[in-house]
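In: got a structure for you, letters missing:
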């Protein structure tokens, strides 16, 4: 909390108490509706109050110390008034070390109403954080939470203090208490939590957070981190590798020349010349290939793939007919995927579904993944998520990971609160 704002809060909160002190000079012998200060203290406290109003803080501190030194028994209310006015004076003098404990004691007093206590404890927490007294900052913050504070600043200050002490996992869990209250988690909170789990060497929880980042804030950097477990693998399964490239292409992180060329080659090898054409056309549109030899090589590949795609597209009705009589559903899935590459998503959904129903699939995980992709392109997001969830439940750990990421992409695409950045 800024100094000027805190002083205003403190002046307002202490105003009624200080007036009681002043009123006691004239009406100490009258029945009071609430607690009043001891009459013998009234002179010094009234002088301190006047000095505070005149911003003569040294004078106010002197008068308040005189009141503290006066002989005679002081009530708890006397001490409350003295401490609160001293806290304000010290704070105004930027003497935070003396201000904080007095203000903390005042906030915990029975004479502070709940709202005053929260305001003052919030100020104390700010002082402790500013002074890098992180243990006390955390303690005061947790007291605020116990008293029902819901301010995000309280939780973030606790979390920052925990991070400063190396308690990164605790910091991530503190931030989760804010996230749980938000309909759409703030990006900065998720990013903080993700980094905290990474510092705590907790990759499992870090992975869960980055999944939330790609769901709500599908930026390339977040997607690359979400995909990193798969990208680090030396994938020998050509079908899995192509499916990883498909997600990379879908979410905008297929950027390197080698990735484009490898995806184009894999698609062509697996019988999808239409996909090869689409990938290479995108690469040329984005000026991915800069080496003249690469430009010539892949332009030649694109020309050949286009010829094959033209023939493939014309033969699709015949391929479909042959696939209907095949023993397994693989051929139907393959024809459906081909229709998807030529922009016929609804036809693709129908045929891939038929193939999965027929069964005896050699690549069941890929079939369900292709179904989800086709449904996503057909704007059937709920159905797509179901298909991806099925892949996410695969016994193949890599396909399970890929299915989960596709499901998050589908959920994000259907979520109007997702930031498309």
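Out: Sure thing, it's come through. Computed from a predicted model, the values in this text were never measured in an experiment.
In: when you work out contacts or count neighbours from here on, use the C-alpha atoms and nothing else.
Out: Will do.
In: the stretch 301-421 of the chain: helices as residue ranges?
Out: Secondary structure of the stretch 301-421 of the chain by DSSP state H, counting those that start in this stretch: the helices cover 316-324, 330-341, 345-358, 364-377, 381-392, 397-414.
In: show me what counts as buried in stretch 117-133.
Out: Using 16 or more other Cα atoms under 10 Å as the test for burial, stretch 117-133 gives 117-129.
In: out of the helices of the stretch 301-421 of the chain, which is closest to residue 58?
Out: Residue 58 lies closest to helix 397-414 among the helices of the stretch 301-421 of the chain, at 59.3 Å (Cα to Cα).
In: kindly provide the whole-number mean pLDDT of that closest one.
Out: The average pLDDT for helix 397-414 rounds to 92.
In: and for stretch 129-140?
Out: On average, stretch 129-140 scores 95.
In: and that stretch, how far apart are its ends?
Out: Taking Cα to Cα, to the nearest Å, the first and last residues of stretch 129-140 lie 10 Å apart.
In: can you list contacts of that stretch?
Out: For stretch 129-140, the surrounding residues in contact (Cα atoms under 8 Å, 6 or more residues apart in numbering) are 121-122, 124-126, 128, 157-158, 161-162, 164-165.
In: quick check, pLDDT for the closest residue in space to residue 112 that isn't next to it in sequence.
Out: Spatially, and ignoring its direct neighbours in sequence, residue 112 is nearest to residue 106 (7.1 Å; Cα to Cα, 6 or more residues apart in numbering). On pLDDT, residue 106 comes in at 90.
In: got TSV for the contacts of stretch 129-140, with distance to residue 289 and secondary structure too?
Out: Supplementary listing: those in TSV, determined by distance: Cα to Cα, whole Å; DSSP: H, G, I helix; E, B strand; the rest coil:
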residue	distance to residue 289	secondary structure
121	60	helix
122	57	helix
124	59	helix
125	56	helix
126	54	helix
128	56	helix
157	48	helix
158	49	helix
161	48	helix
162	47	helix
164	46	helix
165	48	coil
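In: could I get the full set of strands for this protein?
Out: When secondary structure is read from DSSP state E, the chain shows no strands.
In: related to what we said a few turns ago, for residue 242, which of the helices of the stretch 301-421 of the chain is the nearest?
Out: With Cα to Cα as the measure, helix 364-377 is the member of those nearest residue 242 (9.8 Å).
In: on contacts alone, who are the packing partners of that closest one?
Out: helix 238-251, helix 330-341, helix 345-358, helix 381-392, helix 397-414 (3 or more Cα pairs under 8 Å, 6 or more residues apart in numbering; DSSP states H and E).
In: ranking those helices by burial, who's on top?
Out: With neighbours taken as mean count of other Cα atoms under 10 Å, these reach their highest mean count in helix 330-341, at a mean of 25.
In: could you give the angle of that one to helix 316-324?
Out: Put simply, helix 330-341 runs at 150 degrees to helix 316-324, going by axes from the mean of the first three to the mean of the last three Cα atoms, to 10 degrees.
In: offset the numbering so it begins at 31, please.
Out: New numbering, starting at 31: the last item is helix 360-371.
In: show the average pLDDT along helix 360-371.
Out: Looking at helix 360-371 alone, the average pLDDT works out to 97.
In: just how off-centre is it within its chain?
Out: For helix 360-371, the separation from the chain centroid amounts to 38 Å (computed by Cα atoms, centre = their mean, to the nearest Å).
In: between it and helix 375-388, how many degrees?
Out: Using the same axes, to 10 degrees, the inter-axis angle of helix 360-371 relative to helix 375-388 is 170 degrees.
In: helices or strands next to helix 360-371 in the packing?
Out: helix 303-315, helix 346-354, helix 375-388, helix 394-407.
In: quick one: it to helix 394-407, angle?
Out: For helix 360-371 against helix 394-407, the angle by the same axes, to 10 degrees is 30 degrees.
In: what does helix 360-371 rub up against?
Out: The contact list for helix 360-371, computed with Cα under 8 Å, 6+ apart, reads 302, 304-305, 308, 343, 346, 349-350, 353-354, 375, 377-386, 389-393, 397, 400, 404.
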